[in-house]
Every structure is written in C-alpha cells, then in structure tokens.
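J.: okay, structure incoming, though there's no sequence with it:
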C-alpha cells in the first residue's frame with residue numbers, strides 16, 4: 001500500500017514515539033519535500049528535528065510534478081495532495097480538516113493520526129490507550145468524542161466474545 005504523508009501525522013507519531021509503525025502498516029511511505037521543510041521549522045519539537053537529521057530509509061522523499069495553488073491549504077497539504085494524485089496513492093495521511101476535505105473531494109482515501117494509531121492497535125503493534133494518552137499530552141487537537149470512540153472500539157476488539 002502506497003501512502004503519502006502530510007506534516008501533522010509524522011510530527012505527532014514522532015513525538016509520541018510511534019513513528020516506526022508506519023513502515024509496518026504501509027508498504028511505501030512517500031513524503032513531499034515541503035512536508036520535511038515544515039517539520040524542520042525551528043518551532044518543531046526537538047525530537048522531530050532530531051528524527052529528520054537522519055530520516056529512516058523507509059521515508060521516500062518526492063516532489064510533485066505539478067503544483068497548483070489550493071486555497072486555504074499550506075504547502076505541505078498542497079504537495080501531499082498533488083503527489084498522492086500523481087502517484088495514485090492508496091491513502092493520504094493528513095489531519096488538517098481543509099486538506100482532508102480537498103483530498104476527499106478528489107476521491108482520495110484519507111486517514112489521520114488517530115486512524116493510523118487505531119490501525120496499528122488492530123495489528124497488535126501498539127497499546128492504543130497508552131498511545132492516545134501520549135497523544136493527548138501534546139498539543140494535538142482532536143474532539144474528545146473521537147478519542148472515546150476509538151478507545152471503545154479498541155476495548156470491544158480486546159474483549160472475549
């Protein structure tokens with residue numbers, strides 16, 4: 001499965017020490033250069049900048065061939081959407097609501113950080129409650145109802161029939 005990742009999922013997966021789940025879940029993880037540039041911002045958490053100093057081999061950096069301005073989207077979201085289109089990606093990893101709307105308008109499948117964590121938990125790669133506790137300790141914005149729903153699905157999955 002080929003995925004194109006935007007800034008936010010990468011940032012938060014690094015911060016909560018769960019970034020290594022991506023190559024275990026997805027066959028190819030492609031990241032636009034604009035996303036790496038955003039992750040290298042001086043206000044990015046130190047652990048994110050440290051991770052970028054020697055990115056893992058599974059991170060494939062690509063540039064979209066075509067760049068048209070997409071209203072209300074930052075460079076990372078724009079390039080992730082364009083690159084996902086060009087590569088016929090199976091999935092776009094993106095949290096930004098406007099970016100998700102644009103990707104879905106273009107008939108792309110989109111999953112955010114929460115969804116990635118839930119998929120990893122389904123495969124037994126992480127403990128979802130502890131990963132979500134670490135995520136909540138950051139400045140990640142998510143409706144608490146979505147967290148509770150993910151935890152309920154996780155509890156149901158773990159409960160004996």
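T.: The structure has been received and is ready for your questions. Keep in mind the model is a prediction, meaning the values are calculated, not measured.

J.: the nearest residue to residue 67 once chain neighbours are set aside: what secondary structure?
T.: Nearest non-adjacent residue to residue 67, counting by CB to CB, 6 or more residues apart in numbering: residue 82, 6.1 Å away. C-beta: built from backbone N, CA, C; applies to glycine. Recorded secondary structure, residue 82: helix (DSSP: H, G, I helix; E, B strand; the rest coil).

J.: surely residue 82 and residue 64 touch.
T.: Yes. If you go by CB atoms under 8 Å, residue 82 and residue 64 touch, sitting 3.7 Å apart.

J.: roughly how far apart are residue 33 and residue 61?
T.: 6 Å (CB to CB, to the nearest Å).

J.: re the thing from before, could you count how many residues lie near the residue nearest to residue 67?
T.: 21 (other CB atoms under 10 Å).

J.: cool, residue 113 as well?
T.: 23.

J.: look at it and report its pLDDT.
T.: For residue 113, the pLDDT comes out at 97.

J.: what are the phi and psi values at it?
T.: phi -60, psi -50 (degrees, to the nearest 10).

J.: how much space separates it from residue 16?
T.: According to CB to CB, residue 113 and residue 16 sit 9 Å apart.

J.: which neighbours do those two share?
T.: Shared contacts of residue 113 and residue 16 (CB atoms under 8 Å, 6 or more residues apart in numbering): residue 135.

J.: give the bridge partners for the residue nearest to residue 109 when sequence neighbours are not counted, please.
T.: Among residues not flanking residue 109 along the chain, residue 91 sits closest, at 4.9 Å (CB to CB, 6+ apart). Residue 91 has these beta-bridge partners by DSSP bridges: residue 3.

J.: longest single helix anywhere in this structure?
T.: helix 144-158 (DSSP state H).

J.: contacts for that helix?
T.: By CB under 8 Å, 6+ apart, helix 144-158 touches 114, 117, 118, 121, 122, 128, 129, 132, 136.

J.: which ones are touching the last one?
T.: Put plainly, it is residue 136. Contacts of residue 136 by CB under 8 Å, 6+ apart are residue 147.
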